[in-house]
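Chemist: fold the following and give me the result.
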Amino acid sequence: MRDRYWLWMGARLLAAVAIVGWAASYLGTGSGEKEFQKTLDAMKQVHSFRAAMSASQTSGHSEGLWEVDCDHDVIHVQSNFTDTTHDTPVELNRDEIGVAGRVFDRQTDGSWGPPRNGGGRASARLICTQLAQAAETHVLPQIATMIKRGILQKGDKKTVNGVRCREWLVTMKGGFSGLEHDTVCLGLDDHLPYDLTGLGTLALQFLRLQRTHQH
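Modeler: Numbering: from 1, shown residues only. Below is the predicted model of the structure:
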């Protein structure tokens, strides 16, 4: 009987250790939050980047490209949405450039002119100010929100556009469907995000990471 008792206690102990180990790996011990904070700090130094997005919904497929140059206050935005809810798919395209606060649309003849359908929306200054203040932008991954609301689980390493990065599974508490899952890959050397997958995919390239000092 005593042997059975110790076997039973040993089995319970092993089960408890397994549960604690699983919880620690899933919930993290703060290492995820520290790594994402490094990413948030690194993004303050970004002054030129390129972001490409692709997503499919029940209503159609969308693609977008943002090219932002903070030092010269230039932003180029291209987007395409194909509405597949009709018998014949309908395409909506946008090609817009903003230079020092002035916004231009590409016209049907290939030239650049005043924005159609009201004012232009592209603003490099707004995005660059948000980056410098570690605030959320509508283009780059929402790292600050992930730190506040995310359960961060470390994944495997991989290479994105020649950059080695580590994947992190982010389970967002309070997402639209209760738990919203994203995967973000953070650079091993510079801590910057290089891709994001969730409802769609977002691929990022960073060109300049330090502001040019003016004399």
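Chemist: just the helices in this structure please.
Modeler: 2-27, 31-43, 124-132, 143-149 (DSSP state H).
Chemist: return the member of those helices having the minimum mean pLDDT.
Modeler: Mean pLDDT values for the helices of the chain show the minimum at helix 2-27, a mean of 42.
Chemist: per-residue pLDDT, R116?
Modeler: In the predicted model, R116 carries a pLDDT score of 73.
Chemist: residues contacting it?
Modeler: D105 (CB atoms under 8 Å, 6 or more residues apart in numbering). C-beta coordinates here come from the backbone N, C-alpha and C atoms, glycine included.
Chemist: number the chain from 45, please
Modeler: Shifting the count to begin at 45 puts that one at R160.
Chemist: how near is it to D149?
Modeler: Going from R160 to D149 by CB to CB, to the nearest Å gives 5 Å.
Chemist: Q89 reaches R252, doesn't it?
Modeler: No - using CB atoms under 8 Å, Q89 is not in contact with R252; the gap is 9.0 Å.
Chemist: just the strands in this protein please.
Modeler: For the chain, strands defined by DSSP state E occupy the ranges 92-101, 104-113, 118-127, 134-143, 146-150, 156-157, 194-204, 207-219, 222-231, 237-241, 244-252.
Chemist: which residues touch the shortest one?
Modeler: When you say that, I think you mean strand 156-157. 141, 148-151.
Chemist: buried ones among those residues?
Modeler: Among the contacts of strand 156-157, the ones that count as buried by 16 or more other CB atoms under 10 Å are 141, 148-150.
Chemist: include distance to M216 and pLDDT when you put those into a markdown table, please.
Modeler: Shown next, in a markdown table, are these (distance: CB to CB, whole Å; pLDDT from 0 to 100):
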| residue | distance to M216 | pLDDT |
| --- | --- | --- |
| I141 | 33 | 92 |
| F148 | 37 | 89 |
| D149 | 35 | 88 |
| R150 | 36 | 88 |
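Chemist: dump the residues you listed into CSV; add distance to Q174 as well.
Modeler: Converted to CSV, the buried ones among the contacts of strand 156-157 look like this (distance: CB to CB, whole Å):
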residue, distance to Q174
I141, 19
F148, 22
D149, 24
R150, 26
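Chemist: D153 and D139, how far apart?
Modeler: Taking CB to CB, one finds D153 at 13 Å from D139.
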